[in-house]
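K.L.:
Dropping the sequence and predicted coords here.
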Amino acid sequence: MENLVNIFVKSIFIDNMIFAYFLGMCSYLAVSKTVKTSLGLGVAVIFVLGMTVPIDYLLEKYILKAGALSWLGPSFADVDLSFLSFIMFIAVIASMVQLVEMVIEKFSPALYNSLGIFLPLIAVNCAILGGSLFMQEREYASLAEATVFGLGSGVGWLLAIVGIAAIREKIRYSNIPAPLRGLGITFIITGLMGIAFMSFMGIKL
């Protein structure tokens, strides 16, 4: 249990997708104009990461990696399908994003319209694929660890985009020099938030 908590906290603060690896910056910068839309997209990202990372973990463990198909019989023990990892991971991500898009369009048309093209673009959000690839690289020992990592990564992404959206709503009324208005000041604030999140690297888990 303690190990799961450590993975969850680390994926939110220390290995934050935005501030540690700068993954998913396109959606982060484009959608973070209001807290409402940022919150909606952040929840969608949590759901997609929380579903795709454990599914990809099972694919990796029982189908893709070398020797994973040994459960089918001794003749399959030497089969290595790891070269299919990218294709399989992206297929799972696209399926989950399509499901999220259908649910949001059904139950919250206003949010669906405000997110616009960036909702289906979750499928090509590098933070989503990054979650599965980090899971593969770190070789988590169980499905629970992979699931907690996926959820924690999503929560960290949500925290980042809602934080920058709240700041952008406030600075709308500030006297910002004309050349820095819009994305300019957003990049500066993102850099400062990234430096602030670096302080969490001192936490020993």
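P.N.:
Now that the structure is in, tell me what you want to look at.
K.L.:
Let's see stretch 44-54 as CSV, backbone CA atoms only.
P.N.:
Output for stretch 44-54, consisting of C-alpha atoms alone and laid out as CSV, is shown next (Å, rounded to 0.1, in the frame of the first residue of the first chain):
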residue,chain,number,x,y,z
ALA,A,44,-10.9,13.5,-19.5
VAL,A,45,-7.2,13.1,-19.4
ILE,A,46,-7.3,11.4,-16.0
PHE,A,47,-9.9,9.0,-17.3
VAL,A,48,-8.0,8.2,-20.5
LEU,A,49,-4.7,7.7,-18.6
GLY,A,50,-6.4,5.7,-15.9
MET,A,51,-7.8,3.3,-18.5
THR,A,52,-5.1,3.1,-21.1
VAL,A,53,-2.1,2.6,-18.8
PRO,A,54,-3.4,-0.6,-17.1
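K.L.:
what residue ranges in this structure score low on pLDDT?
P.N.:
For the chain, applying pLDDT under 70 flags the ranges 205.
K.L.:
after the longest helix seen in the chain comes which helix or strand?
P.N.:
When secondary structure is assigned using DSSP state H, the longest helix within the chain turns out to be helix 143-171. Beyond helix 143-171 on the C-terminal side, the first helix or strand identified by DSSP states H and E is helix 183-198.
K.L.:
CA atoms of that next one as CSV?
P.N.:
Extracted C-alpha coordinates of helix 183-198, given in CSV (Å, rounded to 0.1, in the frame of the first residue of the first chain):
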residue,chain,number,x,y,z
LEU,A,183,1.3,33.0,-25.0
GLY,A,184,4.3,35.0,-24.1
ILE,A,185,3.4,35.5,-20.5
THR,A,186,1.9,32.0,-20.4
PHE,A,187,5.3,30.5,-21.3
ILE,A,188,7.0,32.6,-18.6
ILE,A,189,4.5,31.5,-15.9
THR,A,190,4.8,27.9,-17.0
GLY,A,191,8.6,28.1,-16.6
LEU,A,192,8.2,29.6,-13.2
MET,A,193,5.7,26.9,-12.2
GLY,A,194,8.1,24.2,-13.5
ILE,A,195,10.9,25.7,-11.3
ALA,A,196,8.5,25.6,-8.4
PHE,A,197,7.7,22.0,-9.0
MET,A,198,11.4,21.1,-9.1
